[in-house]
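**Q** Sequence first, then the predicted structure, then my questions.
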Amino acid sequence: MNEVLVSFITVNYNGLGDTIELISSLKKNIKSISYEIIVIDNASRKDEISPLRELFNDIHFIKSDTNLGFAGGNNLGIDIAKGKYLYFINNDTYILEDNISFLIKRLESKKNIGGVSPKILFHEPFNTIQFAGFTPFTKYTIRNSIIGYSKPDCIKFNSASITPYVHGAAMMFKREVIEKVGKMPEIYFLYYEEMDWCEIIKRAGYELWYEPKSNVYHKESRSTGKDSSRKIYYHSRNRLLFTWRNLNKRRKSISILYQILIANTLHILKYFFRGKFKLAKATIMGEFDFLIIKNKTL
């Protein structure tokens, strides 16, 4: 049996149809490299492992009894992965070409490149950019932009470049990097964990890259919904957590005060005036739980 070059790791949570489509696309299109597929079921409401086993008897399955979040689920996959490169890919994505090797070439082009993301395109509208790199976070407001977001794919997004963060929907790392810096931080549960991980990786001396010669199609998140209270809660809490964990002392203090006293307060007032009381409560609870976590880990 050939040595495994790439370990594809994907987390399934009530997403059987999407996971089947992802696995099918990998099996159909990838012919040029040796690989394995690892599926972690993050405590789906129904048994989704059994039907997956019936369809695919040559991949690895892990069943978690509790929902461990994005990082926790992927970290279970890291524990059993055999590949030289670990490719974390959302279960609601798929590929149409055998172009994974370009990610490997990018990783191997320099010793200090630790991670890479492909060009990520929306499933709908087709061939519209979701990700062609990130801009850095602003100094105090901790906001950034996705390069190319919602724009038609064109030649200007076809240049590889260093990016401050790779994209959690599709990101590949050298095994040696993960062995050096450790697994994905599980404190976030949902949102910001891959960005925190990127900060850890950069502090260890590695670069992160965007590689457009490889591409992935993304159906976008269906599990939390747009403007759901769950999403608002985790964004509110985790932006503060990210700030607390990654900024220097002076920037950290200013940024946290700005987020709590200005940015989040404006959001809360906006939600109240629009009658979206659940979203206002979610923002407040996000701040409150951040303070609890912060005090517990001091």
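**A** That came through fine.
**Q** what's the neighbour count on Tyr206?
**A** With neighbours defined by other CB atoms under 10 Å, the count for Tyr206 comes to 21. Bear in mind the C-beta positions are built from the backbone N, C-alpha and C, glycine included.
**Q** do the same with Arg274
**A** 10.
**Q** Residue nearest the middle of this structure, spatially speaking?
**A** Gly168 (1.8 Å; CA atoms, centre = their mean).
**Q** Now do the contacts for the nearest residue to that one once chain neighbours are set aside.
**A** Spatially, and ignoring its direct neighbours in sequence, Gly168 is nearest to Glu194 (3.9 Å; CB to CB, 6 or more residues apart in numbering). Taking CB atoms under 8 Å, 6 or more residues apart in numbering as the criterion, Glu194 is in contact with 70-71, 88, 165-168, 171, 184.
**Q** List the buried residues of the helix or strand harbouring Glu194.
**A** Secondary structure assigned from DSSP states H and E places Glu194 in helix 193-203. Neighbour counts over helix 193-203 (16 or more other CB atoms under 10 Å) mark 193-202 as buried.
**Q** related to what we said a few turns ago, okay, and which of the contacts of Glu194 map to strands?
**A** The strands, defined by DSSP state E, take in 88, 171 from the contacts of Glu194.
**Q** Now distance to Ile155 and pLDDT too, for the contacts of Glu194, in JSON lines please.
**A** Conversion of these to JSON lines gives the following (distance: CB to CB, whole Å; pLDDT from 0 to 100):
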{"residue": "Phe70", "distance to Ile155": "33", "pLDDT": "96"}
{"residue": "Ala71", "distance to Ile155": "35", "pLDDT": "97"}
{"residue": "Phe88", "distance to Ile155": "28", "pLDDT": "98"}
{"residue": "Tyr165", "distance to Ile155": "24", "pLDDT": "98"}
{"residue": "Val166", "distance to Ile155": "22", "pLDDT": "98"}
{"residue": "His167", "distance to Ile155": "21", "pLDDT": "98"}
{"residue": "Gly168", "distance to Ile155": "26", "pLDDT": "97"}
{"residue": "Met171", "distance to Ile155": "24", "pLDDT": "98"}
{"residue": "Met184", "distance to Ile155": "34", "pLDDT": "98"}
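**Q** now, which of the contacts of Glu194 sits nearest Val39?
**A** Phe88 (12.3 Å; CB to CB).
**Q** Measure how buried the closest one is and give me the count.
**A** For Phe88, the neighbour count with other CB under 10 Å is 29.
**Q** ok now do it, which residues does it touch?
**A** The contact partners of Phe88, by CB under 8 Å, 6+ apart, come to 9-10, 74, 77, 168, 170-173, 194.
**Q** Quickly note the distance from it to Ala81.
**A** Between Phe88 and Ala81 the computed distance is 10 Å (CB to CB, to the nearest Å).
**Q** still on that earlier bit, just the contacts of Phe88 now: which is nearest Asn57?
**A** Nearest to Asn57 among the contacts of Phe88, with distances taken as CB to CB, is Thr10, at 17.1 Å.
**Q** hey, what's that closest one bridged with?
**A** On the basis of DSSP bridges, Thr10 is bridged to Val39.
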